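> model the structure of this input:
(chains A, B, C and D)
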There are 2 protein chains.
Amino acid sequence: MKAKASIVEPHSYSISELAREFDITTRAIRFYEDKGLLKPERRGQTRVYSPEERVRLKLILRGKRLGFSLDESREIIDMYDPAHGNVEQLQRLLERIAQKRALLQQQLRDIESLMGELDEAEVRAQAALVKSRREDNP
Amino acid sequence: MKAKASIVEPHSYSISELAREFDITTRAIRFYEDKGLLKPERRGQTRVYSPEERVRLKLILRGKRLGFSLDESREIIDMYDPAHGNVEQLQRLLERIAQKRALLQQQLRDIESLMGELDEAEVRAQAALVKSRREDNP
DNA sequence: ACAAGAGTTTACGTTAACGTAAACGTAAGG
DNA sequence: CCTTACGTTTACGTTAACGTAAACTCTTGT
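So this is what the prediction gives:
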């Protein structure tokens, strides 16, 4: 067997590469690290990000798009590995998963109604536009 | 004709009624007013909220659930009445509607993937739970 | 050798969205 | 009349999530 095909995922990223890719500042990335959401390795004192860390960053940003705080995003990310073998913790994890699901369902309903109302708003705006144009050209 | 049936929507609300109904503080409601999101009438110096104002409050809170800032919520609420007759403004309104729609679609995608991942996380957690129980009772 | 560019730490500044508290007015009930 | 509940304004405090700036190190190209 030879290599893994031609898609050679770069196995590491610099902080500015990630900043560019996701259109955020390096300051923000370091901030997430301070808050314990990222733990890049170091080559000397320079931060080196693995593909896994990059995924964590993506999850953080997705959380932000959904209006989650960093703490909430951390909670969600932590749900990904049940390395917390302990029974009690697993129980609580399942509860938190259920809670998040309920929250997401509420968001879904909110989005649906908002979408519907945007449709109506658009219709009204279009109508108002047509009308005001007729008034311009009698 | 007599009355409008038996469902007599109270035509006005006090600030604490609304606070109770939506489980927020009166401080928050006054804050929204300061920010120009609500404009209740006054009976003397006391605030009196119409059903319309109550709806606006609901919209604000829905916006919050979707991670919108108060400014963003105000924008959305303003989309509801195209009283801004002017053509140019209507054009911009339509653009903003399109933008919000795109944003909501992104949120939908985010929610869907997160839901899927929660499913997987739940499966893993359940598995880990079963396993750790077997270890307890050999 | 040195300037430029990317990285680092440390620290103070800022904005949004309220919380908290003080100090006071008004209306109803005992 | 006094308390209690509800309301008001004004103002300072707080938290999250970075921005901004200073001061320094390391690497690299010319």
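> how about the helix or strand harbouring residue A:90 against chain B, any contact?
Residue A:90 is part of helix A:87-136 when elements are defined by DSSP states H and E. Yes. Using C-beta under 8 Å from any C-beta of the partner chain, we find that helix A:87-136 touches chain B at A:87, A:90-91, A:93-94, A:97, A:100-101, A:104, A:106-108, A:110-111, A:113-115, A:117-118, A:121-122, A:124-129, A:132-133, A:136. Just so you know, the C-beta spots here come from the backbone N, C-alpha and C atoms, and that holds for glycine as well.
> and the residues you listed, which of them are buried?
The neighbour count (16 or more other C-beta atoms under 10 Å in any protein chain shown) marks A:90, A:93-94, A:97, A:100, A:104, A:107, A:110-111, A:114, A:117-118, A:121-122, A:124-125, A:128-129, A:132 as buried among the residues of helix A:87-136 next to chain B.
> give me the subset of the residues of helix A:87-136 next to chain B touching DNA strand C.
Filtering these for proximity to DNA strand C by C-beta under 7 Å from any atom of the strand leaves nothing.
> mind listing what the spatially closest residue to residue A:66 that is not a sequence neighbour touches?
Using C-beta to C-beta, 6 or more residues apart in numbering or on different chains and skipping residues adjacent in sequence, the residue nearest residue A:66 is residue B:110, 5.5 Å away. Taking C-beta atoms under 8 Å, 6 or more residues apart in numbering or on different chains, we find residue B:110 in contact with A:62, A:65, A:66.
> distance of residue B:110 relative to residue B:104?
Residue B:110 sits 10 Å away from residue B:104, taking C-beta to C-beta, to the nearest Å as the criterion.
> was I right to think residue A:64 contacts residue A:73?
Yes. Counting by C-beta atoms under 8 Å, residue A:64 does reach residue A:73; the two are 7.3 Å apart.
> looking at these two, which is more packed in?
Counted by other C-beta atoms under 10 Å in any protein chain shown, residue A:64 and residue A:73 do not tie: residue A:73 has more neighbours, with 21 against 16.
> now do the helix or strand hosting that one: everything it contacts.
Taking DSSP H and E as the definition, one finds residue A:73 inside helix A:70-78. For helix A:70-78, the external contacting residues (C-beta under 8 Å, 6+ apart) are A:32, A:35-37, A:56, A:59-60, A:63-64, A:68, A:96, A:100, B:114.
> tell me if it is near DNA strand C.
No. Remark: helix A:70-78 sits outside contact range of DNA strand C, by C-beta under 7 Å from any atom of the strand, the gap being at least 14.1 Å.
> averaged pLDDT, that helix. What do you get?
Across helix A:70-78, the average pLDDT comes to 91.
> re earlier: from the contacts of helix A:70-78, which shows the smallest pLDDT?
Confidence-wise, residue A:96 trails the rest of the contacts of helix A:70-78, at 84.
> so what's that one up against?
By C-beta under 8 Å, 6+ apart, residue A:96 lies in contact with A:75, A:79.
> ok, now with 10 Å
Residues near residue A:96 by C-beta atoms under 10 Å, 6 or more residues apart in numbering or on different chains: A:75, A:76, A:78, A:79, B:118, B:121, B:125.
> how about the one residue in chain A that gets nearest to chain B, what does it touch?
Taking C-beta to the nearest C-beta, chain B has its nearest neighbour within chain A at residue A:67, 1.8 Å off. The contact partners of residue A:67, by C-beta under 10 Å, 6+ apart, come to A:103, A:107, B:63, B:64, B:65, B:66, B:67, B:68, B:69, B:107.
> assign the residue most central in space within chain A to helix, strand or coil.
The residue lying closest to the centre of chain A (C-alpha atoms, centre = their mean) is residue A:62, at 0.8 Å. Under DSSP: H, G, I helix; E, B strand; the rest coil, residue A:62 falls in the helix class.
> wait, doesn't residue A:114 sit right on residue B:62?
Yes. Taking C-beta atoms under 10 Å as the definition, residue A:114 is a contact partner of residue B:62 at 7.0 Å.
> list residues touching both of these two?
B:68, B:76.
> tell me the spacing between residue A:105 and residue B:93.
Taking C-beta to C-beta, one finds residue A:105 at 30 Å from residue B:93.
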